[in-house]
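Chemist: sequence? don't have it. structure:
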């Protein structure tokens, strides 16, 4: 499919390979997204692999990650999960990033060239802009693979398919997420068929299109069988298990929702970025003026913009106060968030960009594509942080530094010397994922599904601290996915409290008796506790270039 003498494709492929080689060379020294990544998903996958929990029943507790149920950590039919079984975590991570970027490049090139009939000079550069996007690691091909999926779907519905298209379609659910993007891609495909049906388009194989939807739907149900069995109450859900998500309260005012919708349309969504603000949006505005003057086609562009505006409105108003009671009546809406239509942002904004470039001079279009590729490249965290480090001497926390394996080896040595029969810790000022990654079980953590009873146990422990900080109190009580041991003074944001941040906490207003009831023997704190309760004792302090950890024993 890609064997060609197109020099632009050769250049694009070469640049992408150099980019991926650069990431592999950096390895653990790369700056990698912490939010919903290092602080969560990577540690989850490693914990499943280390404890051989991948094939465990849905409510088997993950002892390393706050004893949360196995169902909280995704499907065993996901390729990403198996990468962590087969390879070391950083290797699994880089294989995943490489696959996402390669599939994004190939799929966007084919989609641009075959589906939108874009110039063969520009198609590889547009493909590069898409492949450079910092796709969310845990989403797999949920966004990165959309161009390839829609290319196959288009060929099938246009009666141009081969066995490869059906194979790609069938493999897609095993490397993407239904609740993150799959449901919304299916909705877009349905919309495509309905659009053509209403137009009375005859050159569409509607039966084949419906078969595609059926295959994808059935395979997604197969891959996400734990989720569907749980929703239908057909699984092994304990009768007394109530998910903590029933306490979600995310009501925003109308004005806040309007602002959120505007920001979503203009700035995008952080899990599915496309970096359209600075070039693509102005290009859309200028092209619409140009098209009106020169009578250029704008129908498809306007259709995409309407879809994008609709997605932004859903995203902005999903947490509107007036809708909360409706969502309470349909709990499935709290499991499958409809605001995740934003997972379609990358493909839709890229299509808008391609449709504009298709209608303007090739040289101008090529220039715009190159500029956008550069914008996206230097928005990639690993590239951006390395550039800032060399140009402005700004440092960053790398993968290696975040998980600090050498430092946590010292922590484990101290804990083992104490000779407790069971080791379980709570974290203060540090992400629990740091300990979890290093095989130290925590009572706290970042988990998308755990029991309401467990949340209430943690709440009882930290209630005095929560009462001293309105933000923390609201954040924990009305959401709670980050089930952390919040301290009023040792506020954890971003990386966690680093060594260069000279701060401490006066005392810990925790209920230590309830901590012991959760079999928590130790507290690992990024800050010193100035006034120790009689119920805790300082065992040791360990440190490296980035972190200090005070190790306290609960008596």
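Modeler: Thanks, I have the structure now. As the structure is a prediction and not an experimental result, all values here were calculated from the model.
Chemist: for the stretch 251-400 of the chain, give me the ranges with low pLDDT.
Modeler: For the stretch 251-400 of the chain, applying pLDDT under 70 flags the ranges 331, 334-335.
Chemist: what ranges do the helices span in it?
Modeler: Using DSSP state H, counting those that start in this stretch, the helices found in the stretch 251-400 of the chain span residues 254-267, 280-294, 299-317, 321-329, 332-335, 345-358, 362-377, 381-392, 399-403.
Chemist: got the angle for the fourth one vs helix 254-267?
Modeler: When axes from the mean of the first three to the mean of the last three Cα atoms, to 10 degrees is applied, the directions of helix 321-329 and helix 254-267 differ by 90 degrees.
Chemist: and residue 302, how many residues sit next to it?
Modeler: Neighbourhood size, residue 302 [other Cβ atoms under 10 Å]: 13. Just so you know, the C-beta spots here come from the backbone N, C-alpha and C atoms, and that holds for glycine as well.
Chemist: again, but for the one 4 residues further on
Modeler: A count of nearby residues for residue 306, using other Cβ under 10 Å, gives 10.
Chemist: repeat that for residue 502.
Modeler: For residue 502, using other Cβ under 10 Å, the count is 7.
Chemist: likewise for the one 4 residues further on?
Modeler: Using other Cβ under 10 Å, the number of residues around residue 506 comes to 11.
Chemist: that one contacts residue 488, doesn't it?
Modeler: No: under the criterion of Cβ atoms under 8 Å, residue 506 makes no contact with residue 488, lying 9.1 Å away.
Chemist: where does the chain dip in pLDDT?
Modeler: 1-5, 331, 334-335.
Chemist: contacting residues for residue 145?
Modeler: 100, 103-104, 107, 172, 175-176 (Cβ atoms under 8 Å, 6 or more residues apart in numbering).
Chemist: any idea how far the nearest residue to residue 179 once chain neighbours are set aside is from residue 186?
Modeler: Distances taken as Cβ to Cβ, 6 or more residues apart in numbering place residue 336 nearest to residue 179, at 5.2 Å, with adjacent residues excluded. Distance, residue 336 to residue 186, using Cβ to Cβ, to the nearest Å: 12 Å.
Chemist: over to residue 274?
Modeler: In this view, residue 274 and residue 186 are 21 Å apart by Cβ to Cβ.
Chemist: tell me, how many residues neighbour residue 333?
Modeler: Residues within reach of residue 333, counting by other Cβ under 10 Å, total 15.
Chemist: also the one 10 residues further on?
Modeler: The local packing count at residue 343 equals 27, with neighbours defined by other Cβ under 10 Å.
Chemist: tell me which residues are up against the helix or strand harbouring residue 406.
Modeler: Residue 406 belongs to helix 405-417 when assigned by DSSP states H and E. The contact list for helix 405-417 (Cβ under 8 Å, 6+ apart) reads 423, 425, 434-435, 438-440, 522, 524, 539-540, 542-544, 547, 549, 551.
Chemist: try stretch 8-15
Modeler: For stretch 8-15, the surrounding residues in contact (Cβ under 8 Å, 6+ apart) are 2, 105, 109, 120-125, 127-128.
Chemist: and the nearest residue to residue 513 once chain neighbours are set aside, how far from residue 378?
Modeler: Excluding its sequence neighbours, the residue lying closest to residue 513 (Cβ to Cβ, 6+ apart) is residue 535, at 7.8 Å. Counting by Cβ to Cβ, the gap from residue 535 to residue 378 is 51 Å.
Chemist: give me the more crowded residue out of those two.
Modeler: Higher neighbour count among residue 535 and residue 378: residue 535, with 16 against 13, using other Cβ under 10 Å.
Chemist: show me where the stretch 401-550 of the chain has helices.
Modeler: Going by DSSP H, counting those that start in this stretch, the stretch 401-550 of the chain shows helices at 405-417, 432-437, 452-466, 470-478, 512-517.
Chemist: of residue 274 and residue 186, which one has the most company?
Modeler: Using other Cβ under 10 Å as the criterion, residue 274 and residue 186 rank with residue 274 on top: 23 against 16.
Chemist: surely that one meets residue 268?
Modeler: Yes: between residue 274 and residue 268 there is a contact at 5.5 Å, judged by Cβ under 8 Å.
Chemist: what do these two both touch?
Modeler: Common contacts of residue 274 and residue 268, defined by Cβ under 8 Å, 6+ apart, comprise 345, 349.
Chemist: in CSV: the helices of the stretch 401-550 of the chain, plus mean neighbour count and distance to residue 283.
Modeler: Output for these, formatted as CSV (neighbours: other Cβ atoms under 10 Å; distance: least, Cβ to Cβ, whole Å):
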stretch, mean neighbour count, distance to residue 283
helix 405-417, 15, 46
helix 432-437, 28, 40
helix 452-466, 19, 47
helix 470-478, 15, 38
helix 512-517, 16, 56
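Chemist: export those as a markdown table, with columns for distance to residue 134.
Modeler: Shown next, in a markdown table, are those (distance: least, Cβ to Cβ, whole Å):
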| stretch | distance to residue 134 |
| --- | --- |
| helix 405-417 | 24 |
| helix 432-437 | 19 |
| helix 452-466 | 31 |
| helix 470-478 | 25 |
| helix 512-517 | 38 |
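Chemist: who's in contact with the residue nearest to residue 513?
Modeler: Neighbour list for residue 535: 512-513, 554-555 [criterion: Cβ under 8 Å, 6+ apart].
Chemist: before I go, just wanted to say thanks for your time.
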